[in-house]
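Colleague: Give me a model of this one.
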Amino acid sequence: MADRILIADDEPDIRSVLVLYLENAGYEVLEAADGGAALETLLSEHIDLCLLDIMMPVLDGYHVLKRIRETSDVPVIVISAKGQDPDKILGLNLGADDYLVKPFNPLEAVARVGATLRRAKGLMARQQGQPKPADVLRVRDLELDRDACALTCGGAPVDLTPMELRIMTLLMEHPGRVFTKQQLYECGWGDEYVAAENSVMVCMSKLRSKLSDDPQAYIKTIRGLGYRLEK
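Modeller: Residues are numbered from 1 along each chain as shown. Below you'll find the model as predicted:
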């Protein structure tokens, strides 16, 4: 069953972008346009993680977070234009698990959601006396251990740069999905995409050569669109 994410934000454009990226990442997404609706959803529905804006009508995010923590340990990532240290400290002290400042890269938001959910599930497993599950991605004969930051291909280790590791993680999280050069650049370089097409092409070429002598064996070029990892 897919994890359920609640997006609580009064800006429809932000909600729509987050819904698009989170659903593409395989999550089930619910929305709330104000703090009152967010609190009602959190109290009545099963939610695995909440993305919570601060400046909302009815109830602001701080009050919602305080009410949540009276009864629930559901992971909460605050998303806010209030990026000063005192604002972040207040949110974290009230029980937020992470704090994301607007404007943000949607891919970063998805990555933070995944990381926060993994931490929460690992903590729950330890509390229940269960061993922490290995965080390994598998596609065909590729295996990526995210905890160890190590990739193997057919059992043989593949030496990756940090940039290549971030790109392979993204591709292996979504095998068969096409990613544009912009998406790959923003994931790998962590920067805004501005006339960086050649950089992406060079990076993908080096990455392919590390996986196989056949450049299309694992990562296929989709002409006019981008790249995808073959299932």
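
Colleague: show me where this protein has helices.
Modeller: 12-24, 35-44, 61-71, 85-93, 106-127, 162-173, 181-189, 197-211 (DSSP state H).

Colleague: wait, which of the ones you listed is closest to Cys50?
Modeller: Cys50 sits nearest to helix 35-44 of all those, at 6.4 Å, using CB to CB. For the C-beta atoms, the positions are set from N, CA and C on the backbone; glycine is no exception.

Colleague: Could you list the low-confidence segments of this structure?
Modeller: The chain contains residues with pLDDT under 70 at 1, 122-134, 190-196.

Colleague: Show me it divided up by domain.
Modeller: Structural domains annotated on the chain: 4-127, 136-229, as defined by automatic domain parsing.

Colleague: Can you report how many residues lie near the closest residue to Ile79 other than its chain neighbours?
Modeller: Excluding the flanking residues, the one nearest Ile79 by CB to CB, 6 or more residues apart in numbering is Leu100, at 4.8 Å. Number of residues near Leu100 (other CB atoms under 10 Å) recorded here: 18.

Colleague: go on, Ile47?
Modeller: With other CB under 10 Å as criterion, Ile47 counts 21.

Colleague: dump the residue contacts of the residue lying closest to it once chain neighbours are set aside.
Modeller: Among residues not flanking Ile47 along the chain, Leu6 sits closest, at 4.8 Å (CB to CB, 6+ apart). For Leu6, the contacting residues are Val29, Leu30, Glu31, Ala32, Ala38, Thr41, Leu42, Glu45, Ile47, Leu49, Cys50, Leu51, by CB atoms under 8 Å, 6 or more residues apart in numbering.

Colleague: try it again with 6 Å
Modeller: The contact partners of Leu6, by CB atoms under 6 Å, 6 or more residues apart in numbering, come to Leu30, Thr41, Ile47, Cys50.
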